[in-house]
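J.: no sequence for this one, just the structure:
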């Protein structure tokens, strides 16, 4: 990899981090704020309703003991429902609650207001989104030591 390519990747990672820091939570008093770790867990549960605790813990890069603590906190705040898995009485399935769906809607409304008008071309937005999705999937595949195509199919 050339120095120019490496510098471009460094800037990409730096900008992703910087933009994420600029996104502030909604100010609506009904919004239930979450820590970055809780956001990772909720993001996975929203994208994979009915997921196992193990899969959500792996996706959030958390050891099971830490994940259990985070999950208990999310349940206590009414954001996650834990349902016994009908196929495995020892397993549980995780679902976002109605409150979690409302929280997500507050976030989406807030992000629309925050980001609206910054990039006017929908094609540019889709290109950036597609690139970031690919980066996410590739990083997951590398972490798991799997083929990125397999990772895309399971996401």
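T.: That came through fine. Quick caveat: nothing in here was measured; it's all calculated off a predicted structure.
J.: next, give phi and psi for the residue nearest to the spatial centre of the chain.
T.: Residue closest to the average C-alpha location in the chain (Cα atoms, centre = their mean): residue 43, at 3.5 Å. With angles defined as degrees, to the nearest 10, residue 43 sits at phi -60, psi -50.
J.: try residue 31
T.: Backbone geometry at residue 31, expressed as degrees, to the nearest 10, gives phi -70, psi 130.
J.: quick one: contacts for it?
T.: Contact analysis of residue 31 by Cβ atoms under 8 Å, 6 or more residues apart in numbering lists 25, 103, 106, 107. For the C-beta atoms, the positions are set from N, CA and C on the backbone; glycine is no exception.
J.: narrow those to those that are buried.
T.: By neighbour count, with 16 or more other Cβ atoms under 10 Å, these hold 103, 106, 107 as buried.
J.: quick check: the second one vs residue 41, distance?
T.: Here the distance between residue 106 and residue 41 works out to 18 Å (Cβ to Cβ, to the nearest Å).
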